[in-house]
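Peer 1: Everything below, folded, please.
(one chain, ligands or ions: 1)
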Amino acid sequence: MEVKRICQWCGKPFIAQKTTTCYCSPQCSKRGYKHRIKERKMELRHIQEMQELRSNLEKQEYFTFSQAARLMGVSRQYIYKLVKEDKLRASRISGRMALVRR
Ligand SMILES: [Zn+2]
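Peer 2: Numbering: from 1, shown residues only. Model (predicted):
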């Protein structure tokens, strides 16, 4: 069985012998595989970081604008905007602006 496919690594069209083939050559397969592993690792690390951040923040009474931004997946500017619009409560704690849990 021959199937026309696009190489997932280099983007070139090729004829695949099996429907499961995603790459035009062993080289592309190797590179693509390594890349996928790397991406997966990065994804896992990101998830772990977010979980750590979250569990840290659970214990905190206050948190900084950058922590809040990371947690909410928005920019710090956006946090400032929310504070300005009184959608978030912020106080000056030990010289730094921090967000207060409601
Ligand atoms: Zn290729």
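
Peer 1: Tell me which residue is most central in the chain.
Peer 2: Centroid-nearest residue in the chain, with Cα atoms, centre = their mean: H46, separated by 5.6 Å.

Peer 1: how near is that residue to E61?
Peer 2: 26 Å (Cβ to Cβ, to the nearest Å). Glycine gets a C-beta too; all of them are placed from N, C-alpha and C.

Peer 1: Please apply the same query to E43.
Peer 2: From E43 across to E61, the span is 31 Å (Cβ to Cβ).

Peer 1: Ok, E52 next?
Peer 2: Per Cβ to Cβ, E52 is found 18 Å from E61.

Peer 1: which residues sit against stretch 88-102?
Peer 2: Contact with stretch 88-102 is made by 61-65, 68, 79, 82-83, as judged by Cβ atoms under 8 Å, 6 or more residues apart in numbering.

Peer 1: Could you tell me which of those count as buried?
Peer 2: If you count burial by 16 or more other Cβ atoms under 10 Å, the buried members of the contacts of stretch 88-102 come out as 62-65, 68, 79, 82-83.

Peer 1: Among these, which pair sits farthest apart?
Peer 2: Spanning the widest gap among the buried ones among the contacts of stretch 88-102 are Y62 and L82, at 15.6 Å by Cβ to Cβ.

Peer 1: How about the contacts made by C10?
Peer 2: C10 makes contacts with 24, 28, as judged by Cβ under 8 Å, 6+ apart.

Peer 1: so where do the strands sit in the chain?
Peer 2: Along the chain, counting by DSSP state E, strands occupy 3-6, 13-16, 62-64, 90-93, 96-100.
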